[in-house]
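K.L.:
how would this look folded up:
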Amino acid sequence: MAKKRVDKGVPGMELLVCRNPKAAKRYDIEERLEAGMVLYGTEVKSLRARRGNLEAAYCRIDNDELFLYGMHIAPYEQGGHAGHETQRRRKLLVHKREIERLRGRLTTRGYALVPLQVYFKNGVAKAQLGLGRGKKKGDERDSIRKQEDLKEARAAMKRQKG
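P.N.:
Numbering: from 1, shown residues only. Okay, here's the model as predicted:
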């Protein structure tokens, strides 16, 4: 029997579909939570083929339910007439008490709920969401400077070893 592929990230993750790298640059992520996704069959097939994109995706609470907007899932080629819309709003499955807690945090100025990654866990599609505060222009420059300093330090260590 073949061993299931495990990607680095969330414990129990079987297959990483896509990440949102801009979220970490634009927001200071203070809290992370996992939510199930309500999907059509062709969307699941397409996600298993890693054909999802979270570039312009965001989350919003509408009528006491949490929804994911702007996520692009490419059409499944073998889907035939039973295709899906590529950028429809998708319901996220979260407990009602978590939605109420998030609503309280989101009313605070500067906070946003952004999707960080989509993956399969135990055969079910999940989205990892991050509650973060938007970075200011200077904060972004500081984080870029820290990354460059870290790269230079690693390169210097490599030169010392080699």
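
K.L.:
Please report the distance of E85 from K146.
P.N.:
40 Å (Cβ to Cβ, to the nearest Å). In short, each C-beta sits where N, CA and C put it, glycine included.

K.L.:
which ones are touching the closest residue to R90 other than its chain neighbours?
P.N.:
Leaving aside its chain neighbours, R90 sits nearest to L68 (4.6 Å; criterion: Cβ to Cβ, 6 or more residues apart in numbering). Shown in contact with L68 (Cβ atoms under 8 Å, 6 or more residues apart in numbering): 37, 57-59, 89-92, 115, 127.

K.L.:
Tabulate these in a markdown table, adding columns for neighbour count and pLDDT.
P.N.:
Listed next are the contacts of L68 as a markdown table, based on neighbours: other Cβ atoms under 10 Å; pLDDT from 0 to 100:
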| residue | neighbour count | pLDDT |
| --- | --- | --- |
| M37 | 19 | 93 |
| A57 | 22 | 89 |
| Y58 | 16 | 89 |
| C59 | 24 | 91 |
| R89 | 13 | 90 |
| R90 | 22 | 91 |
| K91 | 15 | 93 |
| L92 | 23 | 94 |
| P115 | 24 | 93 |
| A127 | 27 | 93 |
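
K.L.:
Spit out the contact partners of A127.
P.N.:
Here A127 is in contact with 34-37, 68, 92, 115, 117-118 (Cβ under 8 Å, 6+ apart).

K.L.:
Could you list everything it pairs with in the sheet?
P.N.:
A127 has these beta-bridge partners by DSSP bridges: A35, V118.

K.L.:
any idea where the strands of this structure begin and end?
P.N.:
All strands of the chain, identified by DSSP state E, fall at 13-19, 27-37, 52-53, 58-62, 65-69, 72-73, 90-93, 111-121, 124-134.
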